[in-house]
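Visitor: let me see the structure of the following:
(one chain, ligands or ions: 2)
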Amino acid sequence: MSPFEYAPAPESAAVVDIASSYGLFIGGQFVPATGGTPFKTVNPATEEVLAEVSEASDDDVDAAVKAARTAYTRVWSRMSGADRGKYLFRIARILQERAREFAVLETLDNGKPIKEARDVDLPLAAAHFFYHAGWADKLDHASLGPNPRPVGVVGQIVPWNFPLLMLAWKIAPALACGNTVVLKPAETTPLTALLFAEVCQQAELPPGVVNIVTGAGPTGQAIVDHPGVDKLAFTGSTAVGKMIARSIAGTRKRATLELGGKAANIIFDDAPIDQAVEGIVNGIFFNQGHVCCAGSRILVQENIADDLDRRLKRRLETLRVGDPMDKNTDVGAINSRKQLDRIEEMVAVGEAEGAERWDSGCELPTNGFWFRPTVFSGVSQTHRIAQEEIFGPVVSVLTFRTPAEAVAKANNTPYGLSAGVWTEKGSRILWMADQLRAGVVWANTFNQFDPTSPFGGYKESGYGREGGRHGLEAYVKTGSQL
Ligand code: NAD
Ligand code: MG
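Guide: Ligands and ions are numbered 1, 2, ... in the order given. A predicted model of the protein is given here:
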């Protein structure tokens with residue numbers, strides 16, 4: 001039981017103004033869709049319908065790509081970097097000014113706790129625009145190669161776990177480098193992208209530089225297949241990432257793919273154990289575990305495994321699971337029925353494979369999609385719950401005896417997006433970071449994000465980097481590529 005009683009501290013939904021239905025944002029205007037079937041987006045914490053959203057057809061995607069091309073050739077690719085930077089600064093400031101509105105809307109549409117939308121998603125989304133605003137007039141000095149030029153029209157497809165933040169990761173570098181974009185948000189979380197379209201209008205961004213089309217897989221596929229798209233940037237599942245790579249093979253299109261992960265969070269016996277417990281909680285229970293770089297596998301040194309198990313479970317019993325709009329809530333709603341089904345299926349697999357399942361036993365609301373913080377112990381390398389992404393608040397615990405065994409186990413998945421190392425020894429941190437095949441390695445912390453730092457994967461976690469100077473490379477052509 002929780003040692004503290006918390007009075008409810010609800011955030012107000014009055015700050016957002018949700019329309020009953022939305023069109024598509026093409027050429028700087030909201031326009032009706034042609035032909036597609038509208039769909040509803042719900043609040044996953046209540047199952048209430050928030051709004052009806054348009055499904056962009058092939059013709060709508062074509063109109064969006066054409067608007068992006070016109071804006072690219074006539075305006076955006078010709079504008080000086082200094083002027084592009086001014087627009088990005090303006091967008092960043094508007095995001096800060098309207099942060100509360102965006103945070104509430106994100107929480108309503110996605111189910112994440114308001115304290116995370118408010119303290120993580122929004123500050124980081126604004127920071128991505130500020131950071132890339134600074135690069136817009138300095139691309140010649142970014143060691144990208146001779147005479148960096150934009151790639152052209154970029155198709156961008158983002159998932160539902162960090163809807164606005166992933167939009168910022170995609171749009172900010174693209175615009176800074178002089179590209180124009182057609183972006184598709186995920187079908188369960190389209191509302192903050194549509195509000196961002198209003199921000200583009202408010203910032204007086206030239207029409208067509210940013211186009212937002214809503215829809216599901218077929219709309220995404222129409223973007224991927226459109227001959228007028230020069231580059232694709234995708235974040236989502238490895239399965240869809242592979243389909244995109246197949247679709248564009250043999251064309252001149254480029255792609256960056258940010259896919260799944262199965263990160264190891266490695267705890268040595270000299271680690272500050274209570275801090276490591278906090279790092280585990282942040283690693284896998286942040287954002288309901290809907291995080292591609294989540295620390296979903298704990299590798300703990302065998303001699304402290306029992307102690308860690310006790311401390312972790314005691315801590316998980318204090319997590320407050322429930323209404324995402326309550327400022328005290330630690331773990332919100334699972335984003336969709338489909339994702340809840342996937343989590344339940346994988347947890348059943350874990351039990352059938354013989355791992356020992358524990359959950360925090362907390363009460364759950366009756367409506368909406370929920371899953372208790374869950375720990376599997378007695379997991380071995382061959383278990384599916386040690387190999388496959390669950391994308392929910394479920395962690396698998398494995399043990400090791402030596403650093404070499406920890407490295408071998410950590411690297412033994414198809415993925416390679418991130419990892420965490422907890423130890424007092426600096427030399428061991430450096431050795432581990434060198435050995436781990438992961439794009440990001442955190443030491444004595446987890447899930448730290450910063451726009452200045454490149455993020456991306458090895459193996460089936462995808463290719464390309466986002467953020468930092470490296471992230472610019474995907475959005476420019478240089479030298480012989482011109
Ligand atoms: P998904 O890959 O199907 O969806 C991601 C985005 O791709 C969405 O915008 C979706 O509409 C779009 N899309 C779907 N099919 C497409 C196609 N054929 N062509 C182009 N775009 C397409 O992911 P999901 O089904 O929502 O989630 C399934 C699993 O994916 C999760 O369980 C999780 O493991 C993983 N996932 C990973 C991330 C990540 O950040 N890496 C994010 C979301 C989901
Ligand atoms: Mg929704």
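
Visitor: what's the neighbour count on the closest residue to ligand 1 within the stretch 51-200 of the chain?
Guide: Here the stretch 51-200 of the chain gets closest to ligand 1 at one residue, Pro159, 3.2 Å apart by CB to the nearest ligand atom. Where you see a C-beta, it was placed from the backbone N, CA and C, and this is true even at glycine. Close neighbours of Pro159, defined as other CB atoms under 10 Å, add up to 21.

Visitor: which residue of the protein lies farthest from its centroid?
Guide: Asn303 (34.9 Å; CA atoms, centre = their mean).

Visitor: list the contacts of the residue lying closest to it once chain neighbours are set aside.
Guide: Nearest non-adjacent residue to Asn303, counting by CB to CB, 6 or more residues apart in numbering: Asp269, 5.4 Å away. Neighbour list for Asp269: Gln301, Asn303, Ile304 [criterion: CB atoms under 8 Å, 6 or more residues apart in numbering].

Visitor: give me the element Asp269 is part of.
Guide: Using DSSP states H and E, Asp269 sits within no helix or strand.

Visitor: and it, what are its phi and psi?
Guide: phi -70, psi -10 (degrees, to the nearest 10).

Visitor: which ones are touching Pro163?
Guide: Contacts of Pro163 (CB under 8 Å, 6+ apart): Glu106, Asp109, Asn110, Pro185, Ala186, Thr189, Pro190, Leu191, Thr192, Ala193.

Visitor: centre of the chain versus stretch 79-92, how much separation?
Guide: 25 Å (CA atoms, centre = their mean, to the nearest Å).

Visitor: next one: stretch 278-291
Guide: 13 Å.

Visitor: what about that stretch, near ligand 2?
Guide: No - Stretch 278-291 stays clear of ligand 2 (CB under 5 Å from the ion), getting no nearer than 12.6 Å.

Visitor: which residues touch that stretch?
Guide: Residues from elsewhere that reach stretch 278-291 (CB under 8 Å, 6+ apart): 111-112, 116, 160-162, 263, 265, 267, 294-296, 298, 312, 315-316, 319, 330-335, 339, 371, 373, 390-395, 420, 422, 444-447.

Visitor: in helices only, show me the residues you listed.
Guide: Within the contacts of stretch 278-291, residues falling in helices by DSSP state H are Glu116, Leu312, Arg315, Leu316, Gln339.

Visitor: of those, which is the most crowded?
Guide: Leu316 (26 neighbours).

Visitor: which residues touch the residue nearest to Cys177 when sequence neighbours are not counted?
Guide: Leaving aside its chain neighbours, Cys177 sits nearest to Tyr475 (3.9 Å; criterion: CB to CB, 6+ apart). By CB under 8 Å, 6+ apart, Tyr475 lies in contact with Pro150, Val151, Val154, Pro173, Ala174, Ala176, Cys177, Asn179, Lys231.

Visitor: how about those residues in CSV, adding secondary structure, pLDDT and distance to ligand 2?
Guide: Formatted as CSV, these follow (DSSP: H, G, I helix; E, B strand; the rest coil; pLDDT from 0 to 100; distance: CB to the ion, whole Å):
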residue, secondary structure, pLDDT, distance to ligand 2
Pro150, strand, 98, 33
Val151, coil, 98, 31
Val154, strand, 98, 25
Pro173, helix, 98, 26
Ala174, helix, 98, 25
Ala176, helix, 98, 29
Cys177, coil, 98, 31
Asn179, coil, 98, 28
Lys231, strand, 98, 28
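
Visitor: now for these, which pair is the farthest apart?
Guide: Greatest spacing in the contacts of Tyr475, by CB to CB: Ala176 and Lys231 (14.4 Å).

Visitor: more neighbours, these two?
Guide: Taking other CB under 10 Å, Ala176 and Lys231 do not tie; Ala176 has more neighbours (29 against 23).

Visitor: these two touch, right, Leu340 and Ile334?
Guide: Yes - contact criterion CB atoms under 8 Å: Leu340 and Ile334 qualify, at 4.5 Å.

Visitor: joint contacts of those two?
Guide: With CB under 8 Å, 6+ apart as the test, Leu340 and Ile334 both reach Phe369, Trp370, Phe371, Gly392.

Visitor: which residues touch the second one?
Guide: Read that as Trp370. Val321, Ala333, Ile334, Leu340, Leu364.

Visitor: highest neighbour count among these?
Guide: Highest count within the contacts of Trp370 by other CB under 10 Å belongs to Ala333, 29 neighbours.

Visitor: around the residue of the stretch 101-250 of the chain found nearest ligand 2, how many other residues sit close by?
Guide: Residue of the stretch 101-250 of the chain nearest ligand 2, by CB to the ion: Asp109 (4.1 Å). Close neighbours of Asp109, defined as other CB under 10 Å, add up to 31.

Visitor: what do you get for the one 10 residues further on?
Guide: Residues lying near Asp119 (other CB under 10 Å) number 12.

Visitor: which SS class is it?
Guide: helix (DSSP: H, G, I helix; E, B strand; the rest coil).

Visitor: now swap in Ala172 and tell me
Guide: helix.

Visitor: can you check the one 10 residues further on too?
Guide: When states are read from three-state DSSP, the local structure at Val182 comes out as strand.

Visitor: the helix or strand encompassing Gly241 packs against which elements?
Guide: Using DSSP H and E, Gly241 falls within helix 238-248. Packed against helix 238-248 by the contact rule (3 or more CB pairs under 8 Å, 6 or more residues apart in numbering; DSSP states H and E) you find helix 217-225, strand 231-235, strand 254-258.

Visitor: next up, phi/psi of Ala474, please.
Guide: According to degrees, to the nearest 10, Ala474 has phi -70, psi -20.

Visitor: give me the distance between it and Tyr463.
Guide: Separation of Ala474 from Tyr463 (CB to CB, to the nearest Å) stands at 10 Å.

Visitor: looking at the two, which one has more neighbours?
Guide: Ala474 (23 against 17).

Visitor: tell me where the stretch 301-450 of the chain has helices.
Guide: Taking DSSP state H, counting those that start in this stretch as the criterion, the stretch 301-450 of the chain contains helices spanning 305-316, 337-352, 384-387, 403-411, 426-435.
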